[in-house]
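K.L.:
Next one to model:
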Amino acid sequence: MYANDIAAVYDLVHEGKGKDYRQEAEEIAALVRAHRPDTRSLLDVACGTGQHLRHLDGLFDHVEGLELSRDMLAIATERNPGVPLHEGDMRSFALGRRYSAVICMFSSIGHLRSTDELDSTLRCFADHLEPDGVIVVEPWWFPGTFTPGYVGASVTEAGERTICRVSHSVLEGDATRIEVHYLLAEPGIGIRHLTEEHTITLFPRAAYERAFERAGCDVLYQEGGPSGRGLFIGTRR
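P.N.:
From the prediction side, this is the model:
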């Protein structure tokens with residue numbers, strides 16, 4: 001969950017680190033169409049501030065988004081006028097329609113806490129798919145690929161604002177605990193210090209694959225992906 005001031009600088013930080021939402025959206029669209037050429041509609045689950053949706057709108061006939069954080073959803077709504085956006089939980093949403101594709105990017109799926117939650121989430125995704133529809137999920141690191149003690153740092157200049165972000169990731173049980181600190185400096189305002197903490201589950205690759213299969217989907221894992229953590233692609237049977 002991202003809220004308030006951190007939601008407002010979220011995009012600036014990640015774009016400053018080199019994240020290209022337009023390119024990612026084009027790659028997502030190509031990947032989905034490689035598995036279902038006639039894809040017409042898409043639901044972006046955990047759509048955040050709507051940056052992917054901004055570029056996916058136009059690549060498909062119809063796109064929608066789902067987001068749990070009200071602060072992120074408010075930014076997404078302002079950014080994507082005319083795109084239906086829903087406040088909801090990926091574990092239990094029910095939108096009353098089906099889509100050609102459902103995507104969940106930027107490792108948002110890792111915020112689930114258990115394999116039971118992973119199973120219910122994939123069932124939700126599959127329940128919102130048309131026959132032969134496609135699910136694309138970007139996972140968090142697997143237990144064997146996570147680096148305990150990792151420190152990340154970036155400095156972004158956006159207009160008159162300078163944003164410094166430093167993170168520290170540790171292993172805590174079967175999850176990553178990430179502590180993040182921001183320094184925001186603006187003329188006339190000064191320097192503000194913001195903090196946030198996330199617990200992101202290190203699900204094994206097999207746990208994702210079982211969740212897809214239990215949801216009635218064939219699944220394959222593709223190396224690489226936007227963040228280097230790979231992608232799961234599921235097709236509803």
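K.L.:
excluding its backbone neighbours, what's nearest Ala25?
P.N.:
His55 (3.5 Å; CB to CB, 6 or more residues apart in numbering). C-beta here means a position set from N, CA and C on the backbone, and glycine is covered the same way.
K.L.:
Do you have the helices of this structure handy? List them.
P.N.:
4-16, 21-35, 51-56, 70-79, 115-127, 205-214 (DSSP state H).
K.L.:
so how far is the third one off the chain centroid?
P.N.:
With CA atoms, centre = their mean, to the nearest Å as the basis, the distance from the averaged C-alpha position of helix 51-56 to the chain average is 12 Å.
K.L.:
what does it contact?
P.N.:
Residues outside helix 51-56 that contact it (CB atoms under 8 Å, 6 or more residues apart in numbering) are 11, 21-22, 24-26, 28-29, 42, 44, 47, 63, 65, 76, 79-80, 83, 103, 105.
K.L.:
Please pick the buried ones from those residues.
P.N.:
11, 21, 24-25, 28-29, 42, 44, 47, 63, 65, 76, 80, 83, 103, 105 (16 or more other CB atoms under 10 Å).
K.L.:
Could you check how far Ala94 is from Glu78?
P.N.:
26 Å (CB to CB, to the nearest Å).
K.L.:
ok, now Arg229?
P.N.:
Distance from Arg229 to Glu78, counting by CB to CB: 29 Å.
K.L.:
Pass me the low-pLDDT residue ranges in the protein, would you?
P.N.:
Within the chain, the segments meeting pLDDT under 70 span 1-4.
K.L.:
can we see that at 80?
P.N.:
Along the chain, the parts satisfying pLDDT under 80 run over 1-5, 7-8, 16, 18.
K.L.:
Just give me the neighbour total for Asp174.
P.N.:
Close neighbours of Asp174, defined as other CB atoms under 10 Å, add up to 12.
K.L.:
Quick check: the residue nearest to Pro187 when sequence neighbours are not counted vs Glu186, distance?
P.N.:
Distances taken as CB to CB, 6+ apart put Glu160 closest to Pro187, at 5.3 Å, once the chain neighbours are dropped. As judged by CB to CB, Glu160 and Glu186 stand 6 Å apart.
K.L.:
Ok, His193 next?
P.N.:
Taking CB to CB, one finds His193 at 13 Å from Glu186.
K.L.:
which one of those two has more residues nearby?
P.N.:
The residue with more neighbours, out of His193 and Glu186, is Glu186; 13 against 9, by other CB under 10 Å.
K.L.:
the strands in this structure, which residues?
P.N.:
Assigned by DSSP state E, the strands in the chain fall at 41-45, 62-67, 85-87, 99-104, 129-137, 151-158, 161-172, 175-186, 190-201, 217-222, 231-236.
K.L.:
so what strands line up beside the fourth one?
P.N.:
Taking DSSP bridges as the criterion, strand 99-104 sits next to strand 41-45 (parallel), strand 129-137 (parallel) in its sheet.
K.L.:
hang on, the earlier thing: residues near the residue nearest to Pro187, how many?
P.N.:
10.
K.L.:
just the helices of the chain: most buried one?
P.N.:
Burial of the helices of the chain is given as mean neighbour count (mean count of other CB atoms under 10 Å); helix 51-56 ranks first at a mean of 23.
K.L.:
Could you export that one as PDB, CA atoms only?
P.N.:
What follows is helix 51-56, C-alpha atoms only, in PDB (Å, rounded to 0.1, in the frame of the first residue of the first chain):
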ATOM      1  CA  GLN A  51       1.000   4.600 -15.800                       C
ATOM      2  CA  HIS A  52       0.800   1.300 -17.700                       C
ATOM      3  CA  LEU A  53      -2.900   1.900 -18.300                       C
ATOM      4  CA  ARG A  54      -2.100   5.300 -19.800                       C
ATOM      5  CA  HIS A  55      -0.200   3.500 -22.600                       C
ATOM      6  CA  LEU A  56      -2.300   0.300 -22.800                       C
END
